[in-house]
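1. turn this into a structure:
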Amino acid sequence: MTVLNLEYGFMTIVALVLLVVKIFAFVNSLLWSSESYTAAGKLTKPAWTIILGLGAVVQFVFPGVINLLNLAFTIAAFVYLADVRPALASLTRRR
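-> Sure, this is the predicted structure:
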């Protein structure tokens, strides 16, 4: 086993973890009502679902952790999970 094999294995695991995070954020964005997004003062539900859905699709179609587009969508998924999801959870229950 060479260092390159270890690096490839590590990068594959990181890419899969990031894909799972994006899919989780996308599915979670579908669980909240449109009114919840408006009440929380965040982007609309269609905007978040499109952003997070495109992020998952781009990661799946064009795998690669260093890809600039994947990086932008990964940041969007983490923003959703760190900012929007807690704001939605504090307002109302899921529908």
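2. from the chain's centre, how far out does the host helix or strand of I13 sit?
-> Using DSSP states H and E, the element containing I13 is helix 3-30. How far helix 3-30 lies from its chain's middle: 11 Å, per Cα atoms, centre = their mean, to the nearest Å.
3. quick one: mean pLDDT over that helix.
-> The pLDDT scores in helix 3-30 average 93.
4. what packs against that helix?
-> helix 45-61, helix 68-79 (3 or more Cβ pairs under 8 Å, 6 or more residues apart in numbering; DSSP states H and E). In this view, the C-beta of every residue, glycine as well, is placed from N, C-alpha and C.
5. now render the ones you listed as CSV, adding distance to L30 and mean pLDDT.
-> Output for these, formatted as CSV (distance: least, Cβ to Cβ, whole Å; pLDDT from 0 to 100):
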stretch, distance to L30, mean pLDDT
helix 45-61, 6, 94
helix 68-79, 14, 93
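6. dump the residue contacts of A56.
-> Applying Cβ atoms under 8 Å, 6 or more residues apart in numbering, we find A56 in contact with L19, K22, I23, F26, F73.
7. identify the farthest-apart pair in the residues you listed.
-> I23 and F73 (11.6 Å; Cβ to Cβ).
8. just checking, F62 touches N70?
-> Yes. Between F62 and N70 there is a contact at 7.0 Å, judged by Cβ atoms under 8 Å.
9. these two: who's more crowded?
-> N70 (20 against 10; other Cβ atoms under 10 Å).
10. show me what contacts that one?
-> L18, G55, V58, Q59, F62, G64.
11. ok, so of these, who is nearest K45?
-> G55 (15.6 Å).
12. what's the nearest residue to that closest one if we skip its chain neighbours?
-> F73 (3.0 Å; Cβ to Cβ, 6 or more residues apart in numbering).
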